[in-house]
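Chemist: prediction below, plus the sequence it came from.
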Amino acid sequence: MLKPMLLGLLVLVTGCQKQDEASKTGLIYCVEGAPQTFNPQLANSAVTLDASARPLYDRLLEVNANTLGIEGGLATRWRVSDDGLTYRLTLRKGVSFHRTPWFNPSRPFNADDVLFTYQRLLDEHHPFHRISGGDYPYFSSLGLSSLIKRVYKQGPHEVVFELNRPDSSFLATLASDYAIVLSAEYGEQMQKAGTPELLDSRPIGTGPFSFKEYRHNEYVRYLRHPGYWGGEAKIEQLIYDITPKSSKRLAKLLTGECDVMNTPSASQLSVIDKDSHLNLSVQSGMNVAFLALNTRKAPFNKVKVRQAIASAINVQNLLQAVYFETGQPAASLLPPLSWGYNPSLQLRKQDLKLARQLLAEAGFPHGFEMQVLVQPGARPYNPDGLKTAQLMRSDLAKIGVKLKIVQQAWPVIETRLAKGQYDSLLSGWVADNADPDNFFRQLLSCAAVERGNNYSRWCSPAFDQLLDDAVTTPQLAFRLRNYYYAQTLLGEQLPVIPLAHALRTQVSRNDIEGLTLMPFGGTTFNQAYRE
């Protein structure tokens, strides 16, 4: 987490200066929330990922935004052994780290940086493992420490990952937005200075922009990274303007205080579409909105109760009233865009008669009371969580279930989730690679319960075995069979109730060109510019 005493070291400027400078030399990007950290390895937050992973860092491999295929990043070539246990990667030469007032790199990126990055994640005795909290939710949920046997280098530009078992999703893991590469030299310098936390709060990466300053809950300023290996950004600076309310973000966009706005409210789209000064970008998204039920708490430990709740929810009404035709009903956690999606799954329709029957069979003929936790504001997978909860409250009331809506900030919700003190959570997931394992293992594996990503707290050895078997082979037909079975099992057990898959939307002023809207979340500004 970002520490106030460290943030106080950063230079602060006024909002007027921010706008005037950016209008001449860069772009202002209006976003809905503040990052928790500037190292995405430490967080499980789309806002943090958006503000750090792509502007500041690179990964060994990348996902092509158009084809969703794996391609080179900081690694130019990779070879996988016949037994699927050894991954040998050749690293790109001449890649420079950021040069800032607080760090002057003496060498380009090399294998030592990869080792430093992954050993920090894997080795509990590594000097940086417990810095900034020592929690790596994404990698912990994947079981990375048990998957990777060791990481070592063979020369300055070749690294080898040895696995304990085959895992056909491993290349996708290396291409994840969370799989950024840190500077070993910067870490060593900060450790000697007695300020190792600065590695995560005053970041150094190899990405297209370098970190300049952060004004807490107001904005983040980035500067162009000269000599960036992927081609220098066309803008000199990029500012993330933190504006939680969608209406205020739109107002800033209309007045020119912002150049780009993320996550517009679905109800605003018709207004945006009619404004000749604005461009609306729409793209299919790898995401899902869902209602997670705490299966370790009565009455949600009963399958028929979960099925009753699912049968009572009118998803079509949600799509019309919340998504305004920017979403599609979810039959599975996987969106239809995923290669693992099972097209034979039937969409669930509201059936109040069936819902009442299931409740009665479960021993609740008169219903019960329950709470749902909701985050404020819009999310990439849900334009309006509060309104979604209100509509579900109306649906559930028809079968005798009284739903109390508790709207809280995410840090407060996280604390309740960790303690198991909740009935249900309205949430969602944005994948950062195209592998189905990215949805299932993160959200519903037994390991994810311990790491806090499995909000349903549902643990099924049979389900985990399907996932484990699926990644032991690169054979697509075998993997598909397992993922189809997994989706059937989830459809029966319903630890989470899939609601909708949202289209990704973003609005920009019509003089802004070169933006790339990523299917897994976030935007790349490498080639963005003002006409």
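Modeler: Received the coordinates, thanks. Predicted, not measured: the structure shown is a model, and the values here were computed from it.

Chemist: so where do the helices sit in the stretch 101-250 of the chain?
Modeler: Counting by DSSP state H, counting those that start in this stretch, the stretch 101-250 of the chain has helices at residues 111-122, 137-142, 144-147, 170-174, 184-193, 198-201, 246-255.

Chemist: buried residues, the longest one. List them.
Modeler: In this case it means helix 111-122. By neighbour count with 16 or more other C-beta atoms under 10 Å, helix 111-122 contains the buried residues 111-114, 116-122. Backbone N, C-alpha and C define where each C-beta goes, glycine included.

Chemist: go on, the third one?
Modeler: When neighbours are counted by 16+ other C-beta under 10 Å, the buried residues of helix 144-147 are found to be 144, 147.

Chemist: centre of the chain to it, how far?
Modeler: Distance of helix 144-147 from its chain centroid, counting by C-alpha atoms, centre = their mean, to the nearest Å, is 21 Å.

Chemist: then the first one?
Modeler: Here the centre of mass of C-alpha atoms in helix 111-122, compared against the chain's by C-alpha atoms, centre = their mean, lies 22 Å away.

Chemist: ok, the fourth one next?
Modeler: Distance of helix 170-174 from its chain centroid, counting by C-alpha atoms, centre = their mean, is 15 Å.

Chemist: tell me where the stretch 351-500 of the chain has strands.
Modeler: Under the criterion DSSP state E, counting those that start in this stretch, the stretch 351-500 of the chain contains strands at 369-374, 402-407, 424-430, 496-502.

Chemist: what's the closest of those strands to Arg224?
Modeler: Nearest to Arg224 among the strands of the stretch 351-500 of the chain is strand 424-430 (27.1 Å), distances taken as C-beta to C-beta.

Chemist: okay, now the domains of this structure?
Modeler: What automatic domain parsing lists as the domains of the chain is 48-204, 287-502.

Chemist: my read: Leu354 touches Ser311, true?
Modeler: Yes. Judged on C-beta atoms under 8 Å, Leu354 makes contact with Ser311 at a distance of 4.9 Å.

Chemist: related to what we said a few turns ago, wait, which of the helices of the stretch 101-250 of the chain is closest to Val412?
Modeler: Proximity to Val412 (C-beta to C-beta) singles out helix 137-142 among the helices of the stretch 101-250 of the chain, at 17.3 Å.

Chemist: can you give me how far the closest one is from the chain middle?
Modeler: Per C-alpha atoms, centre = their mean, the centroid offset for helix 137-142 relative to its chain is 12 Å.

Chemist: please name every helix or strand in contact with that helix.
Modeler: Counting by 3 or more C-beta pairs under 8 Å, 6 or more residues apart in numbering; DSSP states H and E, the packing neighbours recorded for helix 137-142 are helix 437-444, helix 446-451.

Chemist: export only the CA atoms of the shortest one, formatted as PDB.
Modeler: Which is helix 446-451. Output of helix 446-451 as PDB, limited to C-alpha atoms (Å, rounded to 0.1, in the frame of the first residue of the first chain):
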ATOM      1  CA  CYS A 446      -9.600 -24.100  -3.300                       C
ATOM      2  CA  ALA A 447      -6.300 -22.200  -3.300                       C
ATOM      3  CA  ALA A 448      -8.200 -19.000  -4.100                       C
ATOM      4  CA  VAL A 449     -10.200 -19.400  -1.000                       C
ATOM      5  CA  GLU A 450      -7.100 -19.000   1.200                       C
ATOM      6  CA  ARG A 451      -5.800 -16.100  -0.900                       C
END
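
Chemist: what about it, average pLDDT?
Modeler: For helix 446-451, mean pLDDT is 86.

Chemist: in it, what's buried?
Modeler: Using 16+ other C-beta under 10 Å as the test for burial, helix 446-451 gives 446-449, 451.

Chemist: check the first one too.
Modeler: Applying a neighbour-count criterion of 16+ other C-beta under 10 Å, the buried positions in helix 437-444 are 437-444.

Chemist: what lies in contact with that helix?
Modeler: 138, 141-143, 169, 172, 176, 288, 333-334, 338, 429, 431-432, 447-448, 453-456, 458, 460, 463, 467, 470-471, 483, 486, 490, 495-496 (C-beta atoms under 8 Å, 6 or more residues apart in numbering).

Chemist: what's the angle from that helix to strand 424-430?
Modeler: With axes from the mean of the first three to the mean of the last three C-alpha atoms, to 10 degrees defining the directions, helix 437-444 sits at 160 degrees from strand 424-430.

Chemist: what about helix 437-444, distance to the chain center?
Modeler: For helix 437-444, the distance to the chain centre is 12 Å (C-alpha atoms, centre = their mean).

Chemist: got the CA coordinates for that helix in PDB?
Modeler: Extracted C-alpha coordinates of helix 437-444, given in PDB (Å, rounded to 0.1, in the frame of the first residue of the first chain):
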ATOM      1  CA  ASP A 437      -7.800 -21.100 -16.400                       C
ATOM      2  CA  ASN A 438      -7.500 -17.400 -15.700                       C
ATOM      3  CA  PHE A 439     -11.200 -17.300 -14.800                       C
ATOM      4  CA  PHE A 440     -11.800 -20.600 -13.100                       C
ATOM      5  CA  ARG A 441      -8.600 -20.900 -11.000                       C
ATOM      6  CA  GLN A 442      -8.600 -17.300  -9.800                       C
ATOM      7  CA  LEU A 443     -12.300 -17.200  -8.800                       C
ATOM      8  CA  LEU A 444     -13.200 -20.700  -7.600                       C
END
